[in-house]
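**Q** next comes the sequence, and after it the predicted model I'd like to discuss.
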Amino acid sequence: MEQTRKRWPLEFKICAVTISREYKSVLRVAQELGISKHSLQHWKKLYTDGKLTLQKTSDSHTNRKELLRLKKEIKNIKLERDILEKSAGHLLQKRRVQYQFIKENTDVFPIIKMCKIFKVDPSCYYKWLKGLPTSRAERKVFVTSEISRIYHWSMGRYGSVRITKELSTIGIKTCRSFVGKIMLENHLQKIPKLKFKRTTISSPKYPVAENLLNQKFKVSNQNQVWVSDITYIGTKEGWTYLTAVMDLFDRKVIGWSLSETMKARDTTIVAFKQAMLNRPLDRNQKLIFHSDRGIQYACKDFVYLLTKREQIAQSMSRKGNCYDNAVAESFFKTLKTELIYQNKYTTIKKAKKSIIDYIKNFYNSCRRHSALGNLTIEEFHNQYKINSCTNVVHTAK
């Protein structure tokens, strides 16, 4: 199929020739107008020879209107080109740098045109010019105040991930990187985690239970697996020993004991009995109670407490393998990082009060757990109920 040549209006040709004479550059004008260099040179020769004139169409109102439109369009193209040439180094800069460029060039270029080139709202520029905060700046101030509030409420325990999740629950949608940037700008540093130290004291004279858990830390219901461990907390009066029992399903600490001795009757037995009261077993439930090989878990008194209930099977970690009881170890690491190492306890009484308050009023109620998708324990239970109801509906269908 033969390609048809594009026909340019006579007024356009004359206008193009006039501009090329003004700029003294045929190539540049041809590129700006989207025509070939040879065509413009030909039109220029015809114009010089007097063969390209408006005499025949000077009375045509339509042609005059088109000529004015083309002249206006060419003027706009020239203006935008000049702005782009001068502002090339500012296009990828921050808003305030672009605003400063607009302010410095108001005598040269129209403000509306410069705002169009930078893709900014003129109203935002005028607000900046008057020293008024823009909607973007106002939002940043508001979000920063909320980030600071959540950070100090958590006593520095929350980093950017948990703060971002906390913001989303109150309707503030933002990304983790933005929260991290705000925290860095305001020197809000999360408490750094420390390396884990093994504290288990085992005895060869006590029998060892089989490792039934085998590092399977994901369970589908509560009262399937409980894990437990013991750690020590130093005060100026001496040591206090914390025994904790946690349900793997929702990571809730359901039993604990704070004692001044390491005897089983003061540690593991007390914590286990409290766990049984807080989360009693149904008749058809089978529970695995997992711990390390510590004396307090292997002694006769504690083993008898478990074995007299047929529903409970005892499980112990392999020798020297702290990863077999990683969830309980992780809780103590979190406790010490977020609470113990941030305080210097003068008395055992103050230490006990502080630890119980942390477990009951923060860890079990407010803290967001990465293992639960950064939900609190209450939010996790609500989501679990919703998912269970949805599954029942789908099954019924």
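**A** Nice, I can see it.

**Q** buried residues in whichever helix in the chain runs longest?
**A** If each helix of the chain is counted by residues according to DSSP state H, the longest one is helix 61-87. Using 16 or more other Cβ atoms under 10 Å as the burial criterion, the residues of helix 61-87 that qualify are 63, 66, 67, 70, 74, 83, 87. Glycine gets a C-beta too; all of them are placed from N, C-alpha and C.

**Q** let me have those in TSV, extended by distance to residue 179 and pLDDT.
**A** Below are the buried residues of helix 61-87 laid out as TSV (distance: Cβ to Cβ, whole Å; pLDDT from 0 to 100):
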residue	distance to residue 179	pLDDT
63	61	71
66	56	80
67	57	79
70	52	85
74	49	86
83	36	83
87	32	82
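
**Q** need these in CSV (columns: distance to residue 110).
**A** CSV is the format used below for the buried residues of helix 61-87 (distance: Cβ to Cβ, whole Å):
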residue, distance to residue 110
63, 29
66, 24
67, 23
70, 20
74, 16
83, 9
87, 13
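
**Q** circling back to that earlier point, which strands or helices does the longest helix of the chain pack on?
**A** Counting by 3 or more Cβ pairs under 8 Å, 6 or more residues apart in numbering; DSSP states H and E, the packing neighbours recorded for helix 61-87 are helix 10-23, helix 26-33, helix 111-118.

**Q** what mean pLDDT does the first one get?
**A** By that I understand helix 10-23. Model confidence over helix 10-23, given as mean pLDDT, is 81.

**Q** quick one: contacts of that helix?
**A** Counting by Cβ atoms under 8 Å, 6 or more residues apart in numbering, helix 10-23 makes contact with 26, 29-30, 33, 35, 40, 43-44, 47, 52-54, 57, 63-64, 66-67, 70-71, 74, all of which sit outside it.

**Q** with respect to residue 8, which of the buried residues of helix 61-87 is nearest?
**A** Lowest distance from residue 8 to those (Cβ to Cβ) belongs to residue 70, with 10.3 Å.

**Q** quick one: that closest one from residue 33, how far?
**A** Plainly put, residue 70 is 9 Å away from residue 33 if you go by Cβ to Cβ, to the nearest Å.

**Q** just the helices in the stretch 201-350 of the chain please.
**A** Assigned by DSSP state H, counting those that start in this stretch, the stretch 201-350 of the chain shows helices spanning 268-278, 295-298, 300-307, 326-338, 348-358.

**Q** can you get me a residue count around residue 43?
**A** Residue 43 is surrounded by 22 other residues when neighbours are defined as other Cβ atoms under 10 Å.

**Q** can you verify it is assigned to a helix?
**A** Yes - using DSSP: H, G, I helix; E, B strand; the rest coil, the secondary structure at residue 43 is a helix.
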